[in-house]
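# Fold the following, please.
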Amino acid sequence: MILIFSFAFGAMLFIIIRVIILLFMSLRTAKIAHDSILKKVFQGPINLFFDVTPVGKILNRFSKDMMVLDNRLCFNIGSFFSRFYQALAALFVAALAVRWILIAIGLFLIFGMCLFRYVLKAYKETNRVESVTKSPTLSFLQET
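The predicted structure is shown next:
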């Protein structure tokens with residue numbers, strides 16, 4: 001009973017440490033990215049960038065990038081590593097049990113990479129359309 005409790009307590013401790021490290025890394029990354037993006041925007045030429053690009057489009061892009069960094073980055077990285085190591089452990093145990101499963105795993109990985117490339121194009125296009133449709137709203141709110 002004490003052994004089970006100590007394993008559970010150790011797992012809890014490592015999870016807390018992982019979350020704290022990811023949060024601090026995420027905050028540091030967001031601060032560095034914010035400073036870098038703001039510097040690049042301010043260094044843009046006035047007659048070629050600010051006169052051509054609507055203010056709403058600049059605000060939309062900047063706020064969306066920062067929202068992704070602030071809200072999603074930490075949790076997505078933590079979830080990725082957690083799922084990756086779980087999948088790696090499951091594949092290792094399956095390969096130890098049945099060696100032939102490595103062939104099926106290889107085929108599924110190839111299929112998954114092809115599917116990922118196909119879906120990624122559609123995902124990028126959807127995000128582009130979403131950004132374009134939000135820009136006029138933000139520009140209208142800025143002008144009023």
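# List the contacts of Ala95.
Ile101, Leu102, Ile105 (C-beta atoms under 8 Å, 6 or more residues apart in numbering). Heads up, the C-betas are built off the backbone N, CA and C, glycines and all.
# any idea how far it is from Leu107?
14 Å (C-beta to C-beta, to the nearest Å).
# Work out for me the element Ile17 sits within.
helix 2-42 (DSSP states H and E).
# packing partners for the following helix or strand past that helix?
Per DSSP H and E, the first helix or strand lying C-terminal to helix 2-42 is helix 55-67. Here helix 55-67 touches helix 2-42, helix 101-143, going by 3 or more C-beta pairs under 8 Å, 6 or more residues apart in numbering; DSSP states H and E.
# What average pLDDT does the next helix-or-strand element following helix 55-67 get?
Counting by DSSP H and E, the next helix or strand C-terminal to helix 55-67 is helix 73-97. Averaging pLDDT along helix 73-97 gives 86.
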